[in-house]
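A.B. asks: model the structure of this input:
(one chain, ligands or ions: 2)
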Amino acid sequence: MPKTMAEKILGRASGKDVSPGEIVEANVDLAMVHDLTGPHVVEVVEEIAGEVRVWDPDKVAIIFDHHVPADKIRAAELQAIMRKVARKLGIKKFHDVGRGGICHQVLVEERYARPGMLIVGADSHTVTSGAVGAFATGIGASDMAMVWLTGKLWFKVPESIKVNVTGELPKGVYAKDVILHIIGTVTVDGATYKAVEYHGDTIKRMNIADRMTLANMSVEMGAKAGMVPADEVTVKFFEEAGISVKPFGPDPGAQYEDVWEFDVSKLEPQVAVPHSVDNVVAVGEVEGTPIDQAFIGSCTNGRYEDFVEAAKILKGRKVAPGVRCIAIPASLKQYMRLLKEGIIDILTEAGCFVAHSTCGPCLGGHLGVLGPGEVAISSSNRNFKGRMGHPESKVYLASPATVAASAVEGKIADPRKYL
Ligand SMILES: CC(C)[C@H](C(=O)O)[C@@H](O)C(=O)O
Ligand code: SF4
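C.D. replies: Numbering: from 1, shown residues only. Ligands and ions are numbered 1, 2, ... in the order given. I've put the predicted structure just below:
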């Protein structure tokens, strides 16, 4: 039987021929925790094993990103625990404050995630690594504890959905608009526990940064994994780091539970309106909505390519009076590249508050928490009630270009007129 990407990966990792619906025990290739979830995992492991240990230190990543640098005493305590654990276990894929960035960004840019891998992470946006053709999924701390101890975890083999995206993206319309449009169409539970595969000429033309944006938000429609087949673009991405990988995709003739067709050739910039990610409208419908804060960053859209698009709009312009524009690259490497190319200068001159990589404002943690009644437009992935701060604040989600245009105008704006 020809197989989908999920079936091939879970089949390989469990050593058998698998079909959707089947429950398998699979060997995990990479297990990631961060500063917030890591301590829970350590606690459970210690409870079960009487000490902290992992089955294979080379397959474990510990990355500090959520509350970095420590914003509260509690965060400092949790990071101290994980720092000690990383040292004791000899974890090489350990990224402390200032030495990595947002965990999902680090997994891909360090090439820890590879095509065909089975990756688990104690964070829901672990799906991001699907951008390079891995089956990557978020799991809870107790499941992760079992992975640390045994290297294995059970999975129900998901049904797969093929998403065919076709057409040339119009100017000012990006991967973020595509995924917002898809989620708006199928809703937040449209892909619950499904493995989503992104195909079509639009996807084939996308770089890894864009593919990460797509894969990242797959979880916002409930998907267990969101994958882009590893093709020439992927092979080249690994070649740049001196690593040779083979293309990886579904077998020809693989069976999908459903095929979704999206022609994006006439798509407009999209905005997810509070308080749900599937509350998606064309920018025109909310244009003129006053904002207090604009945020460019996060694991969804905090990459070099995103900041370049934002800088095209912010160059020679100013953030509107009364508006804060927070700009945080997703990792140290992204930050350095932006710094060297003068993009950080452009943002700073425009009046943005630029910071080193952290999740910070994305989850209402620090560096830009919203007050009561405040409105933000953000390039991140969630706009639940209170997501970025006060329960009475509001979050609109959009592409970095739409966020930048809105920062300039002080109200939600269409980026196309600036491009
Ligand atoms: C804190 C963490 C567990 C959480 C997640 O799993 O996604 C966070 O990263 C988020 O985006 O809400
Ligand atoms: S940037 Fe936001 S969505 Fe991504 S891992 Fe951090 S908190 Fe979660």
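A.B. asks: where do the helices of the stretch 201-350 of the chain begin and end?
C.D. replies: Using DSSP state H, counting those that start in this stretch, the helices of the stretch 201-350 of the chain run over 201-205, 208-217, 232-239, 298-301, 304-314, 332-340, 343-350.
A.B. asks: highest average neighbour count across the ones you listed?
C.D. replies: Ranked by average neighbour count under the criterion mean count of other CB atoms under 10 Å, the helices of the stretch 201-350 of the chain are headed by helix 298-301 at a mean of 31. All C-beta atoms are positioned from the backbone trio N, CA, C, and that covers glycine.
A.B. asks: name the residues that touch that helix?
C.D. replies: 102-105, 125, 128, 176, 212-213, 216-217, 328, 330, 359, 362, 378-381, 399-400 (CB atoms under 8 Å, 6 or more residues apart in numbering).
A.B. asks: counting residues, name the longest helix you see in the protein.
C.D. replies: The longest helix of the chain (DSSP state H) is helix 73-89.
A.B. asks: give the buried residues for that one.
C.D. replies: 75, 78-79, 82-83, 85-86, 89 (16 or more other CB atoms under 10 Å).
A.B. asks: please apply the same query to stretch 16-34.
C.D. replies: Buried, per 16+ other CB under 10 Å, within stretch 16-34: 18, 20, 24, 26-34.
A.B. asks: give the rounded mean pLDDT of it.
C.D. replies: Averaged over stretch 16-34, pLDDT sits at 98.
A.B. asks: so where's the stretch 251-400 of the chain uncertain?
C.D. replies: Within the stretch 251-400 of the chain, no stretch has pLDDT under 70.
A.B. asks: would you mind listing what in it touches ligand 1?
C.D. replies: Neighbours of ligand 1 within the stretch 251-400 of the chain, by CB under 6 Å from any ligand atom: Leu363.
A.B. asks: before we move on, back to that, distance to His67 for the helices of the stretch 201-350 of the chain - can I get that in JSON lines?
C.D. replies: Shown next, in JSON lines, are these (distance: least, CB to CB, whole Å):
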{"stretch": "helix 201-205", "distance to His67": "34"}
{"stretch": "helix 208-217", "distance to His67": "20"}
{"stretch": "helix 232-239", "distance to His67": "30"}
{"stretch": "helix 298-301", "distance to His67": "15"}
{"stretch": "helix 304-314", "distance to His67": "23"}
{"stretch": "helix 332-340", "distance to His67": "17"}
{"stretch": "helix 343-350", "distance to His67": "23"}
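A.B. asks: with distance to ligand 2 added, can I get these in TSV?
C.D. replies: What follows is the helices of the stretch 201-350 of the chain, written out as TSV (distance: least, CB to the nearest ligand atom, whole Å):
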stretch	distance to ligand 2
helix 201-205	22
helix 208-217	7
helix 232-239	21
helix 298-301	3
helix 304-314	13
helix 332-340	13
helix 343-350	18
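A.B. asks: for those, which one sits closest to His66?
C.D. replies: Smallest distance to His66 across the helices of the stretch 201-350 of the chain (CB to CB): 10.9 Å, for helix 298-301.
A.B. asks: ok now that closest one, how far from the chain's centre?
C.D. replies: Averaging C-alpha positions (CA atoms, centre = their mean, to the nearest Å) puts helix 298-301 5 Å from its chain's average.
A.B. asks: for the residue of the stretch 301-419 of the chain found nearest ligand 1, give its distance to Gly389.
C.D. replies: Closest approach between the stretch 301-419 of the chain and ligand 1, counting by CB to the nearest ligand atom: Leu363, at 5.2 Å. Plainly put, Leu363 is 10 Å away from Gly389 if you go by CB to CB, to the nearest Å.
A.B. asks: neighbour count: the two, which is higher?
C.D. replies: Between Leu363 and Gly389, counting by other CB atoms under 10 Å, Gly389 is the more crowded of the two (20 against 17).
A.B. asks: is it true that that one touches Gly364?
C.D. replies: Yes. Shown here, Gly389 and Gly364 form a contact pair, counting by CB atoms under 8 Å, at 4.5 Å.
A.B. asks: which residues are common contacts for the two?
C.D. replies: Common neighbours of Gly389 and Gly364 (criterion: CB under 8 Å, 6+ apart): Leu370.
A.B. asks: which residues of the stretch 101-250 of the chain lie near ligand 1?
C.D. replies: The interface of the stretch 101-250 of the chain toward ligand 1, taken as CB under 6 Å from any ligand atom, is made up of 123-125, 138.
A.B. asks: okay, these in JSON lines with secondary structure, distance to Asp189 and neighbour count next?
C.D. replies: JSON lines is the format used below for these (DSSP: H, G, I helix; E, B strand; the rest coil; distance: CB to CB, whole Å; neighbours: other CB atoms under 10 Å):
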{"residue": "Asp123", "secondary structure": "coil", "distance to Asp189": "20", "neighbour count": "25"}
{"residue": "Ser124", "secondary structure": "helix", "distance to Asp189": "14", "neighbour count": "15"}
{"residue": "His125", "secondary structure": "helix", "distance to Asp189": "17", "neighbour count": "27"}
{"residue": "Gly138", "secondary structure": "strand", "distance to Asp189": "16", "neighbour count": "20"}
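A.B. asks: sweet, I'm off.
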